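give me coordinates for this.
(chains A and B)
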Amino acid sequence: DGGITQSPKYLFRKEGQNVTLSCEQNLNHDAMYWYRQDPGQGLRLIYYSQIVNDFQKGDIAEGYSVSREKKESFPLTVTSAQKNPTAFYLCASSLSPQTYEQYFGPGTRLTVT
Amino acid sequence: LAKTTQPISMDSYEGQEVNITCSHNNIATNDYITWYQQFPSQGPRFIIQGYKTKVTNEVASLFIPADRKSSTLSLPRVSLSDTAVYYCLVVAYSGAGSYQLTFGKGTKLSVIP
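From the prediction side, this is the model:
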């Protein structure tokens, strides 16, 4: 089955800890994305990557970091510098950013207390 | 830089046609507009994409006027299962191999029996 997976579905952390969210795809897509979703706010782009070993900041990159060492994987680290990390995080992939639809994973709900 | 605006919510009776408009200022000729559907606690799902005039697929139509300052998603004969949040996305090339991806804040469609 081709698709995009995120794990875990729910994640709980204490304030001050870094946490890494997993995103894997087997669709052979070049581009991958991370979004943050808050109630009533829609989706906001954190980072995206068009090819391996390259990524670019989105609108709200502060307090987050990513890596793209393999085409299939695009993990997101929420650092302790992120002031309000509790949110629903969505990963997506596509053949390219411009003209192809994005396929989304099921999301990870992160709660930091 | 593109900014997108959508109505916050809409109600419709079953069997009616629903039109949801997204306003997007300052988009370039080749910038694509894409629409997604999202159910609670799930990732968004692709509906339709286009960059000019009219596009139709098996579930929806997308109308983009000549001035490209807005686009309209048309859902024919909605059913209760179409109750969801609908997002427009504008992908704009911002130069030097970079893109700006801007989601609207979403329109919550409620279909009434």
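
could you tell me which residues of chain A lie near chain B?
For chain A, the contact set with chain B under CB under 8 Å from any CB of the partner chain comprises A:33, A:35, A:40-45, A:48, A:50, A:56, A:58, A:88, A:90, A:92, A:97-99, A:101-107, A:109. In this view, the C-beta of every residue, glycine as well, is placed from N, C-alpha and C.

in strands, which of those appear?
Applying DSSP state E to the residues of chain A next to chain B, the entries found in strands are A:33, A:35, A:43-45, A:48, A:50, A:56, A:88, A:90, A:92, A:103-104, A:109.

residues in contact with B:Ser110?
By CB atoms under 8 Å, 6 or more residues apart in numbering or on different chains, the residues touching B:Ser110 are B:Ser9, B:Met10, B:Asp11, B:Ser12, B:Thr83.

so which strand or helix has it?
Secondary structure assigned from DSSP states H and E places B:Ser110 in strand B:107-112.

partners of that strand in the sheet?
Within its sheet, strand B:107-112 is paired with strand B:9-13 (parallel), strand B:84-95 (antiparallel), according to DSSP bridges.

and these, which one's lowest on average pLDDT?
Here the lowest mean pLDDT among those goes to strand B:84-95, at a mean of 91.

can you state the direction angle for that strand and strand A:43-51?
Inter-element angle recorded for strand B:84-95 and strand A:43-51: 50 degrees (by axes from the mean of the first three to the mean of the last three CA atoms, to 10 degrees).

any idea which helix or strand comes after strand B:84-95?
As assigned by DSSP H and E, the chain's next helix or strand after strand B:84-95 is strand B:98-103.

which pLDDT value belongs to the residue in chain B positioned nearest to chain A?
As assessed by CB to the nearest CB, chain A sits closest to B:Gly43 within chain B, at 3.0 Å. pLDDT, B:Gly43: 93.

now swap in the one 10 residues further on and tell me
On pLDDT, B:Thr53 comes in at 88.

please name the residues that touch the residue lying closest to it once chain neighbours are set aside.
Excluding its sequence neighbours, the residue lying closest to B:Thr53 (CB to CB, 6 or more residues apart in numbering or on different chains) is B:Ile64, at 6.2 Å. With contact taken as CB under 8 Å, 6+ apart, B:Ile64 is in contact with B:Ile33, B:Gly50, B:Tyr51, B:Lys52, B:Thr53, B:Lys54, B:Ser70, B:Ser71, B:Thr72.

mind checking which of these land in strands?
Using DSSP E, the contacts of B:Ile64 in strands are B:Ile33, B:Gly50, B:Thr53, B:Lys54, B:Ser70, B:Ser71, B:Thr72.

check contacts around the residue nearest the centre of chain A.
For chain A, the residue nearest the mean C-alpha position is A:Trp34 (2.9 Å; CA atoms, centre = their mean). A:Trp34 sits next to A:21, A:23, A:45-48, A:58, A:64, A:66, A:74, A:76, A:89-91 when contact means CB under 8 Å, 6+ apart.

quick revisit: quick one: the contacts of B:Ser110 as TSV, columns for neighbour count too.
Output for the contacts of B:Ser110, formatted as TSV (neighbours: other CB atoms under 10 Å in any protein chain shown):
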residue	neighbour count
B:Ser9	11
B:Met10	15
B:Asp11	12
B:Ser12	18
B:Thr83	15
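
ok, so of those residues, who is nearest B:Lys105?
Checking the contacts of B:Ser110 against B:Lys105 by CB to CB gives B:Ser9 as the nearest, at 11.0 Å.
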